[in-house]
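In: This is a predicted model, with the sequence first.
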Amino acid sequence: MADKDIDIKKIKELIDIMKQNGLEVIEINHGDDKIYLKRSQPQSFSGPIITSMPTIKPEMAPSSGQANVTNSSGSAVPVDDSLITIKSPLVGTFYAKPSPDSDPFVETGTPVEPQTVVCIIEAMKVMNEIKAETSGTIVEAFVTDGQAVEYGQVLFKVKPD
């Protein structure tokens, strides 16, 4: 764990240890590195949830007003570059709801605070809660429930307060 790359094999082993021993939480500290795994009990997901993820701040574009980008047809489309993007911190499957029969965490028009959970991304049977890490209002969602997402892919745009 000394180098910053996540050793997926070791995390899988930790998850197996949790399952075999009926553990709900494992916390490992090694120098500046910390892994905290917590099994989800009330939700329908069977795997643990990582509640302490590397902090990836939403990116704020320069606030110079309006910019133009081209869409698939080649015409210019104005872009509000004062919006903050919430990006996926990992590769996985996007879930908008905590369980199939629940309401979505957020929708267009939902106000968010830094600790507001906006979605879950499942990676290797581990459910990762993604938080807004900013204050504002969701103005656009770019992914749908069950969609595969890539690292750095824009999930939401937020109009800051």
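Out: Looks like it came in fine.
In: lowest confidence element among the helices and strands of the chain?
Out: strand 66-70 (a mean of 45; mean pLDDT, DSSP states H and E).
In: What's the end-to-end length of stretch 107-125?
Out: Stretch 107-125 has an end-to-end distance of 25 Å (criterion: C-alpha to C-alpha, to the nearest Å).
In: Just the mean pLDDT for that stretch, thanks.
Out: Here stretch 107-125 scores 93 as its mean pLDDT.
In: Pull out the buried residues from it.
Out: Neighbour-count burial for stretch 107-125, counted by 16 or more other C-beta atoms under 10 Å, picks out Thr110, Val112, Thr116, Val118, Cys119, Ile120, Ile121, Glu122, Ala123. In short, each C-beta sits where N, CA and C put it, glycine included.
In: What pLDDT is listed against the residue most central in space within the chain?
Out: Nearest to the geometric centre of the chain sits Ile130, at 3.0 Å (C-alpha atoms, centre = their mean). Looking at Ile130, its pLDDT is 94.
In: in terms of contact, does it touch Val117 like I think?
Out: Yes: taking contacts as C-beta atoms under 8 Å, Ile130 lies within contact range of Val117: 6.9 Å.
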